[in-house]
Every structure is written in C-alpha cells, then in structure tokens.
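*Asks:* How does the following fold in three dimensions:
(chains A, B, C and D)
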There are 2 protein chains.
Amino acid sequence: MSTDQAPGPDPAQLLAYIERFASTLSDSGIPRMPARVFAALLTADDGRLTSQQLAGMLDISPAAVSGAIRYLSQVGLVTREREPGSRRDRYRVLDEVWQEAILQRDAILVRWETSLAEGVAVVGAESPAGRRLAESVVMFQFLRGELPGLLKRWYEQRAELRAAATRDDAVGRALAAHPEPHPEAEAEAHPEAEH
Amino acid sequence: MSTDQAPGPDPAQLLAYIERFASTLSDSGIPRMPARVFAALLTADDGRLTSQQLAGMLDISPAAVSGAIRYLSQVGLVTREREPGSRRDRYRVLDEVWQEAILQRDAILVRWETSLAEGVAVVGAESPAGRRLAESVVMFQFLRGELPGLLKRWYEQRAELRAAATRDDAVGRALAAHPEPHPEAEAEAHPEAEH
DNA sequence: TCCAACTTTCAGAATTTTGTGAATGTTATG
DNA sequence: CATAACATTCACAAAATTCTGAAAGTTGGA
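*Replies:* Numbers count the residues shown, from 1 in each chain, chains lettered A, B, ... in the order given. Below you'll find the model as predicted:
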C-alpha cells in the first residue's frame, strides 16, 4: 500500500537536498541559480530535465532557467539537447563531462598562472616579490602537468568500478553502458499536450 | 637620474596589476576586497603589510581591511603577526601556506564529497541517480587520496628549485632560507611616530 | 590608572547582483 | 506562410553584498 512502483524519493526531501547541495556549490563560487539547476539535474534519474520541469520544481521563471543554463553550458557543466522534431530543450549533465570539469578546472589554473606570471613582470623578476611569484607560477605549471596523469588514473579506476557494477547486477549494466544512455525511451508522466 | 636605488616597481602599475589579479581571484569565488588585499600582500616584497599600508595603497577604510583579513585568515591564506611591544598588526602571506591551500582545498573537497554522499541517501542508492551520485562520491575520494602524493611531489620539485636558486645567486639564498625570513630587520620608509 | 595607538564591530548608505514579467526571437507543424 | 510552443533578451524591481564612518574594544606605555 506504500510503494506504488516507488516513483522516486520524497519530493520535498529531494528539493531540500537540492537546496543544500546548491549552497555547497555556491560557496565554491558558482552563482546561486546555476547551482540550483545543476543540483536538480544531478539528482534527476537520467540527468536530464526540460526547462519546464526545472522551472516547476525550483519554482523559478523560464528566464531564470535560461540564464542558469547559459552559465552552466558556458562552464561546460551542462549540455543542451533537443529531440529532433520538438521545440522543447532538454538539459543534461554528462557525468563524464562534469567530473572532468572538476578535475581539470584548466581554465582557472591557466588564468591564475598567467596572472601570476604577469605579476612577475610588473614587480621585477629579481625582486624578492618577483621570486616569490615566480615560484607560484612554477607551482601552477607543475599542477597542470600533473592533471593528465590524474585524469588517466581516475578513468582507470572508474572503468574498474563500472566493470564491477556490470558484473554484480543488472541495473549496473545500464550505468556501465553510459556513453549514450537511453537516447529515446520517453516514459515520463506529463501530458505533453503538443497541440 | 632615474634609478634611485630602485625602490620597487611603478606604484601605479603595481596597483593596476593588483586589481587585475584580484579580478582573477574574484572569479574563483574569493570576495572582492579579500582578493585585493591578498593580491597586495602577494606582491609585497616580504609578503607583509600593515593594516595602514593596505588601507593606504588600496584606498579603503580600516574596517574594510579588518573584514578582508578576517576572511583571509579564516580561509588560511593569511597570517596575523604582531611584533611584541607594538599594537600594530602586520598581515602576511606565507608561500608555503597559500600554495598548500591551493593544492589541497581539502575543506571544499570534503564538503562536496559529503554533500554528494548525502544525495545518494536521499535519492536512494539503487536508483540511477543514486548510482551516478555514488560514482562522483568515489571520484572525490579518489581525488583526496591523490592529494598527499601530489603535495609531496610538489615539495620535492620546489626543494630542487630553491636549491638551484641558492646555487645560482646570492639573493636566491635568502629565498631558500625561507622558513622564517628576516624576523626583524625593519627598514621601512615611514616615520613610525610612536608617540 | 589614564592615554594614545590600533583594531574591530555595527548600523546604515550605496552599489551590485539576481530574478521577474513582458516583449521578442526561433522553429516545427498544419 | 500562419500559428503555436518554446526559448531568450531586456528593462526594471527586489534583494543581497559590500564598504564606510562612528563608536567601542584592546593593548602597550607613562
């Protein structure tokens, strides 16, 4: 009498969680609204939601969704998809993509590095401050150099992880198949009154 | 008739740079004023400035300095020092410290990890979203696991770097001696009208 | 114990950031 | 090519941040 096919977690709890997670993201510099949208996408079963769904669950205007998505796709955390023959966008988090975005953060590292290098020039390479800044430049170079290896190791570990999941259970197979999950298979629970 | 002992870089240029660098930091989520203060400290020859100096060069109120320092020291980027027998604080960037702060960012990683794990619980570990989130949790665990090694390698490389500097020139020696640089040696150019 | 040199706290002004509603684009169908 | 379903843009209002000046703490010296 309770689990009517268990349509998912308690919506209220889910929303509360989304807000909490969004706060965490927000503390890392991601603006509030994009953070909320991202959190919502991340907790969606297939990582995809339409603009309407987002607007609905977060109780925000379409304009806000648009703005958030603009930000997120610029940063590379979210992709825009449109099923051919529909004018409804669908936004999506690609695990592969956002994980990489986190690990790399290349853009930021490069910016810091560049900015610090500029500082060396301004301050004078021979001054104490110049030397100090230079050392930091080297640190960022070092860090950038380490990233590819880091990435590689993570991918390896993830591959194992997914392989294990496939081995263990049927559902795991879907996860492991990830690269292009259910491209169609629309079975959502809203009327879709397309005229 | 130009280099009168070369007291440092062109102040105007330096200030301009500070602002630019501060913008970079600011894009990474550090609030504006702390970013400016941090940039100023980083470009100061010995990495130390008094509250007054900061207020003066950035043209901000003592209150603003206070607030910025509160933030920076909370994040661990800046230390407060006071010479015994003075009521003037001196703020400082420790290279070792801020480099580590960048490399680790442990606090943030842990927060993300925790937050994501919470998400798994809310969404249900067996749901697709739950599996996806779980994978990300593992990613953060992986990342945290990698950090010590990363740190270690950087320290090694830095040690070499500093050793080379010592070998090469006299000034380098001062840099390499870093752990507790010029504890006294006050030769600044302001009246210090201590009553 | 008082004074002066500093720093911090706090209330409020000013600026900036955000989100909305309305208008404007865009695109798939009939 | 007209229409309707969406998405996006833009001007503006609302709200959150951020700094300042003034007042209140601290702390070292007389």
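*Asks:* Now do the SS call for whatever residue of chain A ends up closest to chain B.
*Replies:* Nearest residue of chain A to chain B (Cβ to the nearest Cβ) works out as A:Gly29 at 2.5 Å. Bear in mind the C-beta positions are built from the backbone N, C-alpha and C, glycine included. Of the three states, A:Gly29 takes coil under DSSP: H, G, I helix; E, B strand; the rest coil.
*Asks:* Now do the residue in chain A sticking out farthest from the centre, the pLDDT please.
*Replies:* Distance to the chain centre peaks in chain A at A:Glu126, reaching 42.3 Å (criterion: Cα atoms, centre = their mean). With respect to pLDDT, A:Glu126 scores 91.
*Asks:* what do you get for the one 4 residues further on?
*Replies:* Here the pLDDT value assigned to A:Gly130 is 95.
*Asks:* same question, A:Ile102
*Replies:* 77.
*Asks:* Now the residue farthest from the centre of chain A. Its backbone dihedrals?
*Replies:* phi -90, psi -10 (degrees, to the nearest 10).
*Asks:* repeat for the one 4 residues further on
*Replies:* When quoted as degrees, to the nearest 10, the phi and psi of A:Gly130 stand at phi -60, psi -40.
*Asks:* Could you do A:Arg82 as well?
*Replies:* Taking degrees, to the nearest 10, you get phi -140, psi 120 for the backbone angles of A:Arg82.
*Asks:* Who is it paired with across the strands?
*Replies:* Beta-bridge pairing for A:Arg82 (DSSP bridges): A:Asp89.
*Asks:* so what's it up against?
*Replies:* A:Arg88, A:Asp89, A:Arg90 (Cβ atoms under 8 Å, 6 or more residues apart in numbering or on different chains).
*Asks:* Please produce TSV containing the residues you listed, extended by neighbour count and distance to B:Glu83.
*Replies:* Listed next are the contacts of A:Arg82 as TSV, based on neighbours: other Cβ atoms under 10 Å in any protein chain shown; distance: Cβ to Cβ, whole Å:
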residue	neighbour count	distance to B:Glu83
A:Arg88	12	66
A:Asp89	17	61
A:Arg90	16	62
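*Asks:* Within reach of DNA strand D, which of those are there?
*Replies:* Restricting the contacts of A:Arg82 to those near DNA strand D by Cβ under 7 Å from any atom of the strand leaves A:Arg88, A:Asp89.
*Asks:* name the element A:Tyr91 belongs to?
*Replies:* For A:Tyr91, the host element (DSSP states H and E) is strand A:89-92.
*Asks:* ok, now how distant is the residue farthest from the centre of chain A from DNA strand D?
*Replies:* Separation of A:Glu126 from DNA strand D (Cβ to the nearest atom of the strand, to the nearest Å): 33 Å.
*Asks:* what's the closest non-adjacent residue to A:Phe140?
*Replies:* Excluding its sequence neighbours, the residue lying closest to A:Phe140 (Cβ to Cβ, 6 or more residues apart in numbering or on different chains) is A:Glu113, at 3.8 Å.
*Asks:* Which strands and helices lie in contact with the one helix or strand the one you found maps to?
*Replies:* Per DSSP H and E: A:Glu113 is located in helix A:106-123. Identification of packing neighbours for helix A:106-123 by 3 or more Cβ pairs under 8 Å, 6 or more residues apart in numbering or on different chains; DSSP states H and E yields helix A:128-168, helix B:11-27.
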